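Peer 1: Pasting the sequence and the predicted model now:
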Amino acid sequence: MKLNCPPKIKIFMWCAITGKVPTWENLQKRSINGPGWCVLCKRAGESITHLFIECSFAAEVWKACSLLMGQEMRWEGESVGNAWDLWWRRTPQKKLKSLPLLIIWGIWLARNKAIFQDIPSLPDLTCVMAVGFYNAFPEHVRAKKQRRDHVAEIDRTNPWGFFDGAAQNGRCGGGAILFLSDSHFFNLTFGLGDGTNNYAELMSLKLLLIFAEEKGCKKLSVFGDSLNVINWISRTQECRNVRLEILISSIRLILHSYENFSCRHVYRENNTEADRASKAGLRMALGDWKVVETKNGLSQEYYHRPFIDLI
């Protein structure tokens, strides 16, 4: 079961259970001299069991917590490990199981404040701090697995397309699919030369827009798996690369010729055809542009004009 508190407090609890907290008793075993008595109650020697279970200061903290939370809380045992085991079995509420860790940590902070800063702490204040920390951590809820198989809703009354870019060892390829209808679509593959993945993604989008414009598209919805590109085009994110910003500006100029345009994100598994085309583009020379047109189940392959002048 996951406990609702910071990792360092979990580690400290482990140290308390295994007897590794540097109380005066443990420090004296390492030949480190010190007062030896509990600075919080000044009535007994400071050991782990005394500090966190037997000390009157600890008892007052637990009493204050019972009043503050409106229920009786019993923290007792022959050792911290034994008290923790009893608490775990007696406490059915999942979130409440983490409370002893926070209280023990608060007692340790109060002890150090008294030793190193000569500032005494009140049990009520330690209680309030521990409970406040406890309330600040929401009950752990197992996160639901995010569905990534959702396919974006497509308005098939207007043309739509998908784009993707690929980069490998500094070489780029691009791919896109343009649908005029469910039965009439174009599979586009581009050789993009040298560059980065973001460059390949932007060039693939640009060439898709140019090709769609040549096919007479005035309205177009496109989908891609690059959030960077989508955010740059929609102006929700600033691009700080000068070369890419020039490319983005040229894409925005092309968009002026469209009456209606949208660019939305899809996960890569829903962009497989464009992804496959972009990887094929890695094997093509710079400026090559291959088109496979499919209409009513019949396909025809041809090479489009070189686009060196468009880069």
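Peer 2: Received, thanks. Residues are numbered from 1 along each chain as shown.
Peer 1: if we look at the lowest-mean-pLDDT helix or strand in the chain, which residues are touching it?
Peer 2: Every helix and strand of the chain was ranked by mean pLDDT, DSSP states H and E. The lowest is helix 123-136, at a mean of 85. Here helix 123-136 makes contact (C-beta atoms under 8 Å, 6 or more residues apart in numbering) with 4-5, 57, 60-61, 63-65, 68-69, 95, 98-99, 102-103, 105-107, 109-110. C-beta here means a position set from N, CA and C on the backbone, and glycine is covered the same way.
Peer 1: one more time with 7 Å, if that's ok
Peer 2: 57, 60-61, 64-65, 68-69, 98-99, 102-103, 106-107, 110 (C-beta atoms under 7 Å, 6 or more residues apart in numbering).
Peer 1: And stretch 204-221, by the same measure?
Peer 2: With contacts defined as C-beta under 7 Å, 6+ apart, stretch 204-221 is touched by 154-155, 158-161, 163-165, 174-176, 178, 180, 188, 190, 222, 224, 229, 247, 250-251, 254, 257-262, 278, 307, 310.
Peer 1: Could you grab the helix/strand/coil label for the most far-flung residue of the chain relative to its centre?
Peer 2: Most distant from the centre of the chain: residue 43, at 49.6 Å, with distances by C-alpha atoms, centre = their mean. Of the three states, residue 43 takes coil under DSSP: H, G, I helix; E, B strand; the rest coil.
Peer 1: Leaving out the residues flanking it, which one is nearest to it?
Peer 2: Nearest in space to residue 43, with sequence neighbours left out and distances taken as C-beta to C-beta, 6 or more residues apart in numbering, is residue 56 at 7.0 Å.
Peer 1: For that neighbour, give me phi and psi.
Peer 2: The phi/psi pair for residue 56 (degrees, to the nearest 10) reads phi -60, psi -30.
Peer 1: Over to residue 78?
Peer 2: When read as degrees, to the nearest 10, the backbone of residue 78 gives phi -80, psi -20.
Peer 1: Looking at it now. What's its pLDDT?
Peer 2: Per-residue confidence (pLDDT) for residue 78: 93.
Peer 1: Count the residues that sit near it.
Peer 2: Residue 78: 10 surrounding residues under other C-beta atoms under 10 Å.
Peer 1: What lies in contact with stretch 227-238?
Peer 2: Residues outside stretch 227-238 that contact it (C-beta under 7 Å, 6+ apart) are 198, 201-202, 205, 224, 239, 248, 251, 263-265.
Peer 1: how about 8 Å then?
Peer 2: Contacts of stretch 227-238 from elsewhere in the structure, counted by C-beta under 8 Å, 6+ apart, are 198, 201-202, 205, 224, 239, 244, 248, 251-252, 263-265.
Peer 1: Tell me how far residue 253 lies from residue 246.
Peer 2: Between residue 253 and residue 246 the computed distance is 11 Å (C-beta to C-beta, to the nearest Å).
Peer 1: now swap in residue 67 and tell me
Peer 2: 68 Å.
Peer 1: Residue 204 too?
Peer 2: 16 Å.
Peer 1: More neighbours: these two, which one.
Peer 2: Higher neighbour count among residue 204 and residue 246: residue 204, with 32 against 10, using other C-beta under 10 Å.
Peer 1: Doesn't the more buried one belong to a helix?
Peer 2: Yes: under three-state DSSP, residue 204 falls within a helix.
Peer 1: ok, and the closest non-adjacent residue to it?
Peer 2: Leaving out its chain neighbours, the residue that sits closest to residue 204 by C-beta to C-beta, 6+ apart is residue 174, at 3.5 Å.
Peer 1: go on, residue 165?
Peer 2: Nearest one to residue 165, counting by C-beta to C-beta, 6+ apart, is residue 200 at 2.8 Å.
Peer 1: Could you verify my assumption that the one you found touches residue 192?
Peer 2: Yes: judged on C-beta atoms under 8 Å, residue 200 makes contact with residue 192 at a distance of 5.5 Å.
Peer 1: what's the overlap in contacts for these two?
Peer 2: Here residue 200 and residue 192 have 165, 172-174 as joint contacts, going by C-beta under 8 Å, 6+ apart.
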